[in-house]
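return atomic coordinates for the entry below.
(one chain, ligands or ions: 1)
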Amino acid sequence: MSLFLVNRYLGEEKDWSVSQESRSQVLLAKLQQKAKEKQSLTGQKECLLQEPTVQQDLKKKRKAHKDSSQQPSLFKKQKSEVVPSYVWESDNHDEPVEKRNQKCVNEKQKKEDQKGSSAEGLPDAPVAVRHGQADKRDEEKTETENDTPKRTLEKTSAPSGFTILGGFEIKPIQKVHRVLPQWLAQPDVIHRDIKSNLVPISAIPGLSAQLIKKLQNNGIERFFPVQAEVIPAILESTQQGLLMGRGGYKPRDICVSAPTGSGKTLAFVIPVVQLLMERVVCEVRALAVLPTKELAQQVCKVFTSYTEGTTLKVVMLAGQRSFPAEQVLLSELRGGVRRSLADIVVATPGRLVDHINGTSGLCLEHLRFLIIDEADRMIDSMHHSWLSQVVNAVYRSGNGPEAVSIFRRTEPAHITATSLSSPQMPLQKLLFSATLTQNPEKLQQLGLHQPRLFSSIHGHSSSSSKNTTSAAPTQKQDRFDFPQGLTEYYVPCTLSKKPLLILHFILRMKLSPILCFTNSRETAHRLFLLVQLFGGVHVAEFSSRLSPGERKKTLKEFEKGKIQLLISTDAAARGIDISGVKCVVNYDAPQYIRTYIHRIGRTARAGKAGLAFTFLLGVQETKFLQMVTEAGSPGIQKQIVKPKNLKSMEVRYEQTLQELADVIKDEKANAF
Ligand SMILES: Nc1ncnc2c1ncn2[C@@H]1O[C@H](COP(=O)(O)OP(=O)(O)OP(=O)(O)O)[C@@H](O)[C@H]1O
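This next block holds a predicted model:
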């Protein structure tokens, strides 16, 4: 007995004469026909949207789908609902079907999550934010999904209707963009090309006829770009006199980053001499601090040259003389009053601190210019606290009984009406380096006042914006400017062939004078002995093995061309200005990019041409070349020296090695 009568629509019946049975057969046939049509329509769609491989995938998937219907799993329902539509939308036809299916499930799950969260009655804005976050997560997920299908599987198995907090999938590490302060991001640009940007010395206003004459006598008719930019800037900061800067404000500190050999020394010597020339009372008003004795000596020589014929006195405190001898040069007692004998002091930090603490005759209370040359190196030595000791010595009078003086100096702090009420001599810092760090944290140690940067590194400006801060492109290391006339090479070699290579460069390639750098004084000494024993080359070494006097003599002889090959440690890598060095050889590859830049910067100076060769062992090549490229090198070329070119020297070289072993043995014996 039937409880319900179900009336079925059986379609239009054309032939009413056929029996009930045959009508149901016709109906079945019609239904089968319709099913076929539907199937063929689906097939056409597949052809349009899928690659052949995908069609196969789809078949597999359908099979999997059938199979899955037998599994009592949570995904069963989701898969049967979602898979077909997402398969059409998928762009990634290379993905395995399982993965794509899983992605579809994820998408579905995500949509459900979003629906669920908005359904919970959360306010609109946070929902939008969460959507944004979800979008981001989606992007990240599509990246990580391919690698971690299992993890996402776990994630999607979370119950729907809840917002999933936190991410458990491995996220790609976000790139952190370095944010530079505006002064670092937007420097005053210095032309890189020295030769085509020379400026006649007469075009720079504010230089006395006496100084112009001095420049001409020293063979300088035109200023290099760094000088043409920086000299007017320093002169301008004293337009209102030494007591205050423009508009009565403290003048801005100046930082200069320009390549090796670009003429940075004159960029500070000329304006300082010009500004102090007309002083009445002798007091220490300029202090130049340099990292080594040799550099202090070099800068002192330039200051002495340009102060010649004026009343200005230059004193060097670098340990070249005894401590008492330096004290005598600093001050004298006249009528019971101590008077300064120095206007300009050039010092190394260690010796300077010794004098600040032990010489009453060194008074820095009138100091107007603090010049920090090789500034990045000086920042590295900041742990010796030389700068804070200098600053304390400068503002010492502000704490004493004479603090009531109208011209008392107090250490700059926050600007208040009282702090600005009395004029006080500002202390202006002038920083110079070929490899000035762009690390604001490091620069911050210098306590700069509204610094102004002059730089030839155009990467600075390209990343600049009008905001107070700017994000520079992410780099593993700082970028630097290389001298224009420099050509860089690297020479692949083995350890045992290195000495032969240097002999080949001198004796066959006639590249002398060569300045050759090693990473240790022991290597420098052994190589020196080996070349000396081999014979035929005027060779010398330069390292801390030598006394300061011997080092000075060696540099002089090298400058005069008496030495063909000078083998040095990094003692001669920075700042040393020896004209005529045609070629620098890195016998040992430098470990740091700054070391490399300073070493190769001993050639190609003042717009001249120069060559730099770096001997590289197989294991060093990749890392070294990457370091140089990342630093902004215009290009380093490979120079292969064929073994046959070294062959003729090999017999003599083997003999020399044996002789060297004996010499070293003797040296060791004598040392005890
Ligand atoms: N205007 C100029 N005309 C001609 N020669 C110059 C001029 N300015 C500087 N020089 C010469 O250029 C050479 C390099 O100058 P300087 O030593 O000042 O370079 P630098 O930028 O300090 O290099 P480094 O970073 O290696 O210390 C020196 O021999 C110097 O005499």
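
can you show me the helices along the stretch 301-450 of the chain?
Remark: helices assigned in the stretch 301-450 of the chain by DSSP state H, counting those that start in this stretch are 323-330, 349-358, 375-380, 386-394, 417-421, 440-444.

winner for burial among the ones you listed?
Ranked by mean neighbour count under mean count of other C-beta atoms under 10 Å, the helices of the stretch 301-450 of the chain are led by helix 375-380, which reaches a mean of 21. For the C-beta atoms, the positions are set from N, CA and C on the backbone; glycine is no exception.

what residues does the stretch 351-500 of the chain put near the ligand?
Neighbours of the ligand within the stretch 351-500 of the chain, by C-beta under 6 Å from any ligand atom: Ala434.

what sits closest to Gln532 if chain neighbours are left out?
Val539 (5.6 Å; C-beta to C-beta, 6 or more residues apart in numbering).

for beta bridges, what are the partners of that neighbour?
Under DSSP bridges, the beta-bridge partners of Val539 are Leu565.

got a list of what it touches?
Residues in contact with Val539, defined by C-beta atoms under 8 Å, 6 or more residues apart in numbering, are 528, 531-532, 563-567.

which parts of the stretch 201-350 of the chain sit against the ligand?
Contacts of the stretch 201-350 of the chain with the ligand, taken as C-beta under 6 Å from any ligand atom, map to 220, 222-224, 227, 260-266.

could you flag which of these are buried?
In these, burial by neighbour count holds for 220, 223-224, 227, 260-266, counting by 16 or more other C-beta atoms under 10 Å.

still on that earlier bit, as JSON lines, the helices of the stretch 301-450 of the chain with mean pLDDT would be great.
Shown next, in JSON lines, are those (pLDDT from 0 to 100):
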{"stretch": "helix 323-330", "mean pLDDT": "95"}
{"stretch": "helix 349-358", "mean pLDDT": "94"}
{"stretch": "helix 375-380", "mean pLDDT": "89"}
{"stretch": "helix 386-394", "mean pLDDT": "92"}
{"stretch": "helix 417-421", "mean pLDDT": "58"}
{"stretch": "helix 440-444", "mean pLDDT": "84"}
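
mind giving me the domain split of this structure?
Here the domain parsing of the chain from the TED database is 184-397+424-455, 486-670.

weakest of those in terms of mean pLDDT?
Lowest mean pLDDT within those: domain 184-397+424-455, at a mean of 91.

start and end of that domain, how far apart?
Terminal residues of domain 184-397+424-455 are spaced 9 Å apart (C-alpha to C-alpha, to the nearest Å).

got the domains of the chain as a markdown table, with distance to Ala29 columns?
Listed next are the domains of the chain as a markdown table, based on distance: least, C-beta to C-beta, whole Å:
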| stretch | distance to Ala29 |
| --- | --- |
| domain 184-397+424-455 | 80 |
| domain 486-670 | 74 |
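
which one of these lies nearest to Gln39?
domain 486-670 (59.0 Å; C-beta to C-beta).

hang on, the earlier thing: quick one: which of the contacts of Val539 is most hemmed in?
For these, the largest number of neighbours (other C-beta atoms under 10 Å) sits with Ile567, at 30 neighbours.

that's a strand at it, yeah?
Yes. Assigned with DSSP: H, G, I helix; E, B strand; the rest coil, Ile567 falls within a strand.

for the stretch 551-672 of the chain, which segments count as strands?
Using DSSP state E, counting those that start in this stretch, the strands of the stretch 551-672 of the chain run over 565-568, 583-586, 610-616, 636-638.

do the stretch 401-550 of the chain as well
Residue ranges of the strands in the stretch 401-550 of the chain, as given by DSSP E, counting those that start in this stretch, are 428-433, 452-455, 469-472, 486-492, 514-517, 539-542.

redo the ones you listed as JSON lines? Include distance to Thr163.
As requested, these are exported to JSON lines (distance: least, C-beta to C-beta, whole Å):
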{"stretch": "strand 428-433", "distance to Thr163": "53"}
{"stretch": "strand 452-455", "distance to Thr163": "48"}
{"stretch": "strand 469-472", "distance to Thr163": "32"}
{"stretch": "strand 486-492", "distance to Thr163": "57"}
{"stretch": "strand 514-517", "distance to Thr163": "62"}
{"stretch": "strand 539-542", "distance to Thr163": "69"}
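
what's the most buried one of those strands?
For the strands of the stretch 401-550 of the chain, the highest mean count by mean count of other C-beta under 10 Å goes to strand 514-517, at a mean of 26.

so what does it touch, helix or strand wise?
On a contact count with 3 or more C-beta pairs under 8 Å, 6 or more residues apart in numbering; DSSP states H and E, strand 514-517 meets strand 565-568, strand 583-586.

in JSON lines, list those along with distance to Val641.
Shown next, in JSON lines, are the helices and strands packed on strand 514-517 (distance: least, C-beta to C-beta, whole Å):
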{"stretch": "strand 565-568", "distance to Val641": "17"}
{"stretch": "strand 583-586", "distance to Val641": "12"}
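
tell me which two in the residues of the stretch 201-350 of the chain next to the ligand are the farthest apart.
Farthest-apart pair in these is Arg222 and Thr260; separation 19.7 Å (C-beta to C-beta).

any idea how far the residue of the stretch 501-650 of the chain found nearest the ligand is from Lys264?
Nearest residue of the stretch 501-650 of the chain to the ligand: Ala606, at 3.3 Å (C-beta to the nearest ligand atom). Ala606 sits 11 Å away from Lys264, going by C-beta to C-beta, to the nearest Å.

likewise Ile170?
From Ile170 over to Lys264 (counting by C-beta to C-beta), the distance is 49 Å.
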